[in-house]
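Chemist: For reference, the sequence and a predicted model appear below.
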Amino acid sequence: MGVIQIVVTLLIIGLLVKPVGTYLVKVFDYNTTGLDRFFGPVERFFYRLTGVREKEAMGWKKYVFALLLTNFVMMILMYVVFRLQKYLPLNPDGIDNMSPALAFNTATSFITNTNWQSYSGENSLSYLSQMIAITFPMFTSAATGFAVAIAFIRGLVGRQNNLGNFYVDLVRSITRVILPLSFIVALFLVFQGVPQTLNGAVDTTTMEGVKQTITRGPVASLESIKHLGTNGGGYFGTNAAHPFENPTALTNLIYIISMMLIPTALVYAFGVMVKNKRQGWTIFAAMGIMFLVFLSVVSIAEYNGTPALNGLGVHGNMEGKEVRFGISESALFTAVTTAATTGSVNNMHESLTPIGGLVPLAEMMLNNVFGGKGVGLLNGLLYVILTVFICGLMVGRTPEFLGKKIESKEVKLASIALLIHPVLILVPTAIALITPEAISSILNPGSHGLSEVLYAFTSGAANNGSAFAGLTANTNFYNISIGLVMLLGRYISIIAMLAIAGSLATKKVIATTSGTFRTDTPLFTGILMVIIVVIGALTFFPALALGPVAEHLGMFH
């Protein structure tokens with residue numbers, strides 16, 4: 001039954017890839033379409049309100065500046081709301097202000113599409129904070145990633161240093177894609193029993209006669225954009241395992257589809273926009289095969305359980321999982337939420353078997369198995385550029401991708417974007433493991449404790465946001481260090497990739513010849529996967545060997 005559920009879910013996602021991808025192409029094509037009649041007046045109102053010149057073209061430097069300025073201003077406003085929420089309206093439960101370090105971490109987390117939470121949402125945020133400083137940046141951070149991916153594609157096919165207009169791409173992402181879908185999903189969630197109210201918590205008496213305070217709030221609206229925008233986080237501390245966030249099998253299905261919907265469709269849209277659908281399917285195949293491998297590993301690991309449990313006659317690992325979802329839906333959710341770098345969880349990753357826990361770690365370390373909104377495609381294209389360069393060296397030809405030469409400038413920028421990711425994971429992890437304050441936050445000794453710290457910084461660098469719950473992260477050390485990792489992990493790679501797009505946009509297209517190395521074939525798909533796995537293994541296997549691999553081997557003693 002569990003396998004059937006997984007297969008049906010994946011088939012639904014697969015059937016939506018082409019129509020949604022085709023729609024995305026229409027959204028970001030600046031030519032006049034039927035969509036303009038409905039969305040155009042609303043968008044033009046916002047352009048006039050903010051002084052945006054809709055027709056203004058931006059080179060890569062101007063595009064980056066607009067992106068950084070917009071994100072910086074929003075982050076400051078979020079920080080102010082967190083620090084002053086006690087005195088602001090829509091705070092019926094009297095939630096206190098956040099501490100400076102926690103406010104910095106939270107503002108950083110949500111502006112970077114990470115949604116790492118060092119706090120319990122229902123106890124630490126007012127309704128105003130949940131809506132203005134949490135839900136709103138869930139839209140803008142997702143739209144920012146969207147815009148960057150589209151700008152990069154324009155650079156690949158462009159003939160001049162014009163990546164489009166960041167403000168237009170940002171607004172179109174929200175008005176034409178994210179907001180309509182979020183509205184539909186939110187209505188369905190309310191239908192399924194997810195709360196959506198501005199009333200405060202209520203006190204009730206349980207069947208056992210015990211007094212209980214039930215927290216509620218604008219949950220459905222947050223949950224819809226949380227998953228569609230691959231944001232993660234949660235209204236409640238237990239995230240999508242909470243019955244108010246994820247009450248039924250249908251809501252669980254909608255969440256999984258929502259997380260994978262746009263990242264998968266964007267890969268197809270890439271093929272259409274570069275006028276080479278085979279190229280898009282080649283990259284889609286590489287990502288899809290890796291996802292299926294990771295899903296198989298975590299599913300088998302959780303179904304097999306642990307030797308200690310098997311010795312007691314208990315087969316399968318149900319620790320940390322909701323009975324209403326079972327092993328199959330928990331394993332699928334785990335693979336999806338870290339493949340799409342969402343960070344939402346319907347089970348506790350801390351309680352996965354060691355090999356089961358290795359899967360979300362590995363997906364975040366590779367960070368290109370479909371990935372988050374826009375950025376996942378960028379990371380995939382980063383590996384494509386490196387693969388083309390390596391293959392070009394092997395056959396003695398100048399590397400080319402989509403008819404444009406890949407030269408030293410592009411390779412250097414790609415190397416920066418590639419190397420910053422492991423640096424931001426491994427260096428802070430090493431520092432944490434020799435810092436007394438950081439060590440005292442580890443709740444489990446040995447290999448599992450190392451995995452807790454490694455997972456935290458991997459989640460931050462990948463802008464994922466999920467966590468091994470055994471780590472007490474609400475300390476000054478982790479709030480500041482993970483906050484910095486999230487910022488650098490988000491923006492350094494974005495700047496490098498847009499610089500590559502700006503460089504490629506001004507290059508002439510070279511005619512295809514019999515000697516051109518094809519990048520839209522099954523052979524290239526295989527080579528691309530090998531390059532990704534080899535680079536990932538060489539970079540991260542020593543750390544994984546000390547964490548989940550060592551813990552797995554220790555179970556047999």
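Modeler: Now that the structure is in, tell me what you want to look at.
Chemist: mind checking which helix or strand the residue lying farthest from the centre of the chain is in?
Modeler: Farthest-out residue of the chain from its mean C-alpha position, per C-alpha atoms, centre = their mean: Gly209, at 42.7 Å. Of the helices and strands defined by DSSP states H and E, none includes Gly209.
Chemist: How about the backbone phi and psi for it?
Modeler: Backbone geometry at Gly209, expressed as degrees, to the nearest 10, gives phi 90, psi 10.
Chemist: so what's Pro218 bridging to?
Modeler: Beta-bridge partners of Pro218, counted by DSSP bridges, are Gln196.
Chemist: dump the residue contacts of it.
Modeler: Pro218 sits next to 127, 130-131, 135, 195-198 when contact means C-beta atoms under 8 Å, 6 or more residues apart in numbering. From N, CA and C alone the C-beta is placed, and that goes for glycine too.
Chemist: If we use 10 Å, what do you get?
Modeler: 90, 127, 130-131, 134-135, 186, 195-198, 235 (C-beta atoms under 10 Å, 6 or more residues apart in numbering).
Chemist: Next: Ala550.
Modeler: Per C-beta under 10 Å, 6+ apart, neighbours of Ala550: 354, 446-448, 450-451, 544.
Chemist: Next: Glu350.
Modeler: 319-320, 357, 443-444, 448, 451-452, 455, 467-471.
Chemist: how about the residues you listed in a markdown table, adding neighbour count and pLDDT?
Modeler: Formatted as a markdown table, the contacts of Glu350 follow (neighbours: other C-beta atoms under 10 Å; pLDDT from 0 to 100):
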| residue | neighbour count | pLDDT |
| --- | --- | --- |
| Glu319 | 16 | 90 |
| Gly320 | 15 | 90 |
| Gly357 | 26 | 94 |
| Leu443 | 14 | 86 |
| Asn444 | 15 | 85 |
| His448 | 20 | 92 |
| Ser451 | 30 | 94 |
| Glu452 | 24 | 93 |
| Tyr455 | 27 | 94 |
| Ala467 | 24 | 86 |
| Phe468 | 27 | 85 |
| Ala469 | 19 | 77 |
| Gly470 | 19 | 81 |
| Leu471 | 23 | 86 |
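Chemist: which one of the residues you listed is nearest Gly155?
Modeler: Tyr455 (33.9 Å; C-beta to C-beta).
Chemist: Hmm, His349 and the closest one touching each other?
Modeler: Yes: using C-beta atoms under 10 Å, Tyr455 makes contact with His349 at a distance of 7.4 Å.
Chemist: Now for these two: what residues contact both?
Modeler: Common neighbours of Tyr455 and His349 (C-beta under 10 Å, 6+ apart) are 357, 360-361, 466-470.
Chemist: Summarise which helices and strands the helix or strand Ala220 falls within is packed against.
Modeler: Using DSSP H and E, Ala220 maps to helix 219-228. For helix 219-228, the elements it packs on are helix 121-124, helix 136-157, helix 179-191, helix 249-273, judged by 3 or more C-beta pairs under 10 Å, 6 or more residues apart in numbering; DSSP states H and E.
Chemist: buried ones in it?
Modeler: 219-228 (16 or more other C-beta atoms under 10 Å).
Chemist: By mean pLDDT, flag the weakest helix or strand of the protein.
Modeler: helix 121-124 (a mean of 75; mean pLDDT, DSSP states H and E).
Chemist: how about Ile300, what does it touch?
Modeler: Neighbours of Ile300 in contact, by C-beta under 10 Å, 6+ apart: 331, 353, 355-356.
Chemist: gap between it and Gly234?
Modeler: Between Ile300 and Gly234 the distance is 28 Å, computed by C-beta to C-beta, to the nearest Å.
Chemist: Ok, Glu551 next?
Modeler: Taking C-beta to C-beta, one finds Glu551 at 26 Å from Gly234.
Chemist: Same check on Val190?
Modeler: 17 Å.
Chemist: the more surrounded of the two?
Modeler: Just comparing Val190 and Gly234: by other C-beta atoms under 10 Å the higher neighbour count belongs to Gly234, 26 against 16.
Chemist: Okay, now the unreliable bits of the stretch 101-250 of the chain?
Modeler: 121 (pLDDT under 70).
Chemist: element containing the residue nearest to the spatial centre of the chain?
Modeler: Central residue of the chain (C-alpha atoms, centre = their mean): Thr341, 2.6 Å from the mean position. Using DSSP H and E, Thr341 is not contained in any helix or strand.
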